[in-house]
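Asker: This is a predicted model, with the sequence first.
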Amino acid sequence: MAQARPSGRASTRSLLLLAVLAAGVFCVSLLTGSTDTGLRGALAALAGSGDEATRTVLLAVRLPRVLAAFGVGSLLALAGVLLQALFRNPLADPYVLGVSGGAAVGALLAMMAGAAALVVQSSAIGGALAAVVIVYLLARSGGTPRLLLTGVVLASACGALVSVLLALADTSRVRGMVFWLAGDLEWAVTPWASAAAALFAVVAAVLVARPLNVLAAGELRARSVGLALEAWRTVLFVGCAALTAIAVVSAGTVGFVGLITPHAVRLAFRTSDHRIVAPAAALSGGMLLALADLVARTIASPRQLPVGAIMALVGAPLFVLILRSRGRQLSP
């Protein structure tokens, strides 16, 4: 059954409402934490006055984490949108290309050597790039199905290597390695990079919305309108790999954001038009991860939980609810 398409004005209003909600989540995440700063003290600190300790907590601790949460969440959600359009598979998510597996192997090798955070991130970038090159070289002549299968196989192989590295690692380093694998925003030492990359990716996705809509309609439709199918496959593959790599390097492997956010947005906005879906998914993914990080920072305070674990606990039931909602919509 074809989905009803909301008017452009209604979609714009919904996007503006979503942006306002995202701004509210940003403020709540910034002002809430294990340290009670108080609303008046927090506002004074943000204005450049007030207590020095409060300014440090807000500007040096919470603000980078909230920025990283919005940036990483947006990147993963956008990668999920693009991959589901590329593969025409509702179960496609940012980790099917093997990028996260390659980044994990690189990061864990650096951790085993006792490297600093910057070296760990550099090693993760190297591992992600190696995974992208391997998948592309093995699948470049086999079309979309071969690309998907190659990514899945490489991800499985990297998962086996990760298990071996955890077994061989020194006990004192295992906790940090597990936190990285579970997703931890403390590794986001350059939060502006992920936030800027997410903003650029949203603009790019909106600009190429028409080819994305055609690709999502199927290969036959794409060829009938003269779309350069192979070229767009390559562009989307490289773009999704880059978005995923930036997200993984910033926060480790955070699951479910790129899987459930595109479905939730299409369901809420009742459209698959990527001019609407791309920015809405970016805002929703950022909000979702920021809220998960808020829970991770406060639920067991003063201890902090890995945000990826919180995201998985929330994401699994959310995905079930989305599937049930879509089933009711599509039932006669």
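Answerer: Structure received. The shown structure was predicted, so the numbers you read here are calculated from the model rather than taken from an experiment. Numbering: from 1, shown residues only.
Asker: So which bits of stretch 52-69 are buried?
Answerer: Thr54, Arg55, Val57, Leu58, Arg62, Leu63, Pro64, Arg65, Val66, Leu67, Ala68, Ala69 (16 or more other C-beta atoms under 10 Å). In short, each C-beta sits where N, CA and C put it, glycine included.
Asker: Inside helices: which ones of those?
Answerer: Thr54, Arg55, Leu63, Pro64, Arg65, Val66, Leu67, Ala68, Ala69 (DSSP state H).
Asker: measure Met177 to Met111 for me?
Answerer: 5 Å (C-beta to C-beta, to the nearest Å).
Asker: Common neighbours of the two, please.
Answerer: Common neighbours of Met177 and Met111, counting by C-beta atoms under 8 Å, 6 or more residues apart in numbering, are Ala169.
Asker: Centre of the chain to the helix or strand Gly106 falls within, how far?
Answerer: Secondary structure assignment for Gly106, by DSSP states H and E: helix 99-112. Centroid displacement of helix 99-112 relative to its chain, using C-alpha atoms, centre = their mean, to the nearest Å, is 18 Å.
Asker: contact partners of the helix or strand just after it?
Answerer: Remark: after helix 99-112, the chain's next helix or strand is helix 117-139, criterion DSSP H and E. With contact meaning C-beta under 8 Å, 6+ apart, helix 117-139 is reached by 97-107, 109-111, 115, 146-147, 149-151, 154, 158, 180, 187, 189, 234, 237-238, 241, 244-245, 248-249.
Asker: Now the helix or strand following helix 117-139: buried residues?
Answerer: Per DSSP H and E, the first helix or strand lying C-terminal to helix 117-139 is helix 143-168. Counting neighbours by 16+ other C-beta under 10 Å, one finds that the buried residues in helix 143-168 are Thr144, Leu147, Leu148, Thr150, Gly151, Leu154, Ala155, Ala157, Cys158, Leu161, Val162, Leu165.
Asker: same thing with stretch 122-135?
Answerer: Across stretch 122-135, burial judged by 16+ other C-beta under 10 Å covers 122-132, 134-135.
Asker: re the thing from before, is there a quick PyMOL command that grabs whichever of the contacts of helix 117-139 are buried?
Answerer: Of the contacts of helix 117-139, the buried ones go into a single PyMOL selection, burial set by 16+ other C-beta under 10 Å:
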select buried, resi 97+98+99+100+101+102+103+104+105+106+107+109+110+111+147+150+151+154+158+180+187+237+241+244+245+248+249
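Asker: For the protein, which element, helix or strand, carries the lowest mean pLDDT?
Answerer: Every helix and strand in the chain was compared by mean pLDDT, DSSP states H and E; the lowest is helix 39-46, with a mean of 74.
Asker: Output the below-cut-off pLDDT ranges for this structure.
Answerer: Within the chain, the segments meeting pLDDT under 70 span 1-8, 38, 50, 142, 326-332.
Asker: Centroid-nearest residue for it?
Answerer: Taking C-alpha atoms, centre = their mean, the centroid of the chain lies closest to Leu76, which sits 1.9 Å from it.
Asker: tell me what the helix or strand containing that one is packed against?
Answerer: Here Leu76, judged by DSSP H and E, is contained in helix 63-87. Applying 3 or more C-beta pairs under 8 Å, 6 or more residues apart in numbering; DSSP states H and E, one finds that helix 63-87 contacts helix 8-31, helix 143-168, helix 191-207, helix 209-216, helix 229-251, helix 257-269, helix 274-298.
Asker: Of those, which is nearest Pro317?
Answerer: The minimum distance between Pro317 and the helices and strands packed on helix 63-87 falls on helix 257-269, with 10.1 Å, by C-beta to C-beta.
Asker: could you check the angle helix 274-298 makes with the closest one?
Answerer: Using axes from the mean of the first three to the mean of the last three C-alpha atoms, to 10 degrees, one finds that helix 257-269 and helix 274-298 are set 120 degrees apart in direction.
Asker: Can I get stretch 25-42 in CSV, CA atoms only?
Answerer: Written as CSV, here are the backbone C-alpha positions of stretch 25-42 (Å, rounded to 0.1, in the frame of the first residue of the first chain):
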residue,chain,number,x,y,z
VAL,A,25,17.2,17.9,24.4
PHE,A,26,20.6,19.6,23.8
CYS,A,27,19.9,22.1,26.7
VAL,A,28,18.6,19.4,29.1
SER,A,29,21.7,17.2,28.4
LEU,A,30,24.0,20.2,28.9
LEU,A,31,22.4,21.2,32.2
THR,A,32,21.9,17.7,33.7
GLY,A,33,24.6,15.5,35.1
SER,A,34,26.0,13.9,38.2
THR,A,35,27.2,17.3,39.4
ASP,A,36,24.4,19.6,40.4
THR,A,37,25.2,23.0,38.9
GLY,A,38,21.8,24.5,39.4
LEU,A,39,20.0,26.4,36.6
ARG,A,40,21.1,29.9,37.7
GLY,A,41,24.7,28.8,38.1
ALA,A,42,24.7,27.1,34.8
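Asker: what's the offset of it from the middle of its chain?
Answerer: Centroid separation for stretch 25-42 versus its chain: 24 Å, with C-alpha atoms, centre = their mean.
Asker: Tell me the buried residues in that stretch?
Answerer: Val25, Phe26, Ser29, Leu30, Leu31, Gly33, Thr37, Gly41, Ala42.
Asker: Reformat those as CSV; add distance to Ile276.
Answerer: Compiled in CSV, the buried residues of stretch 25-42 are given as follows (distance: C-beta to C-beta, whole Å):
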residue, distance to Ile276
Val25, 20
Phe26, 21
Ser29, 25
Leu30, 28
Leu31, 30
Gly33, 34
Thr37, 37
Gly41, 40
Ala42, 34
